[in-house]
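Predicted structure and sequence below. I'll ask about it afterward.
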Amino acid sequence: MAVCSVGLVLAVCASARGADLPLPRNVTAADKPHDSGKAIVVTWDAPPAEVAAYEIIRLDPEGNRQQVGIVPPSQQRFIDSGSSAAPIENHRPYRYIVKTLFSDDRSAESVPTEPVRAVPSWFNWKLADLIGILVFVAILVGLVLRARQGRVTAL
């Protein structure tokens, strides 16, 4: 219940501070797929205005705010992989705010996202891993076919 109260207070404060300023829309946070956890992907739609940058803010379950990144206006995606000062813990809920920064020193904050947890994937695949496995299987199948045809020589 405390998290909801904090989220509601932040939403009210954000709308009061940035009532006349365009906010980022459709701000979402999700666990980064196919990884070992400890990473969250934040995405948003750009507001219909000239923006200088976006500041990404992480809220922990206690409501503490931590700036985790600043990205240029051309970017509407940020991967929060944590840092030594503010690591992401797997299975712990976090919420995110995208703060729009304008060139005239004004800013407006989005409403916090729904809580999201970083969770390790069972399969942490990368393209190089997949290619390596496919090459290995192709060689293995080729050798088996050659052995069936009697074309394999002893070492």
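Great, that's in hand.

residue contacts, the residue most central in space within the chain?
By Cα atoms, centre = their mean, the chain has its centre lying nearest to Val41, at 1.1 Å. By Cβ atoms under 8 Å, 6 or more residues apart in numbering, the contact set of Val41 is Ala29, Ala30, Asp31, Lys32, Arg77, Phe78, Ile79, Asp80. Backbone N, C-alpha and C define where each C-beta goes, glycine included.

so is it in a helix, a strand, or just coil?
Three-state assignment for Val41 (DSSP: H, G, I helix; E, B strand; the rest coil): strand.

strand partners of the strand ranked longest in the chain, parallel vs antiparallel please.
Counting by DSSP state E, the longest strand found in the chain is strand 93-101. For strand 93-101, the paired strands and their directions (DSSP bridges) are strand 53-59 (antiparallel), strand 107-109 (antiparallel), strand 116-117 (antiparallel).

contacts for the first one?
By Cβ under 8 Å, 6+ apart, the list of residues contacting strand 53-59 from outside reads 6-7, 10, 24, 42, 44, 65-73, 75-76, 78, 80, 86, 94-101, 107, 109, 112.

Of those, select the buried ones using a PyMOL command.
Per 16 or more other Cβ atoms under 10 Å, the buried members of the contacts of strand 53-59 correspond to this PyMOL selection:
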select buried, resi 6+7+10+24+42+44+68+69+73+76+78+80+94+95+96+97+98+99+100+101+107+109+112
